[in-house]
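Enquirer: no FASTA, just this:
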């Protein structure tokens, strides 16, 4: 049997992890439950919505702990990103102006959309009302009802 190199071993969590571990464990259990749950929906995209929403909650929790409330150290934050507890690309977008409420990265990928634009959930609701489109807008990718920063 091959030896596991020391770089591939999981490092011990930094100081302060024990404080956030219960909440993180609850969110991860909720994520596992959403993944294993067989959801009977008419649309296969809707089956992924609970998973994407729980993933957003985990990312937002870690983001708020580090950037907004400043309750965890930089070392712990980097360790959480390294261990893939959070999506560093999504958090990086949240730090930019105009993306503070972004629901997921798929909504801003123009290559995956039919007309080469962002998702409908990124359009401010005031713009939709002006154009007499008062119907309920829901993102096809993640089920978001609006993540424009001006909403």
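Expert: Thanks, I have it. On a predicted model such as this, the values are computed, not experimentally measured, just so you know.

Enquirer: quick check: the one residue sitting closest to the centre of the chain vs residue 115, distance?
Expert: When C-alpha atoms, centre = their mean is applied to the chain, the residue found nearest the centroid is residue 56 (2.7 Å). Using C-beta to C-beta, to the nearest Å, we find residue 56 at a distance of 25 Å from residue 115. Using the backbone N, CA and C atoms, a C-beta is placed for each residue, glycine as well.

Enquirer: now residue 97
Expert: Distance from residue 97 to residue 115, counting by C-beta to C-beta: 24 Å.

Enquirer: quick check: phi and psi on residue 57?
Expert: Here is the backbone geometry of residue 57 (degrees, to the nearest 10): phi -60, psi -40.

Enquirer: quick one, longest helix in the protein?
Expert: helix 17-36 (DSSP state H).

Enquirer: in that helix, what's buried?
Expert: 17, 20, 24, 27, 30, 31, 34 (16 or more other C-beta atoms under 10 Å).

Enquirer: got the contact list for residue 51?
Expert: 31, 34, 35 (C-beta atoms under 8 Å, 6 or more residues apart in numbering).

Enquirer: I appreciate the help and will end here.
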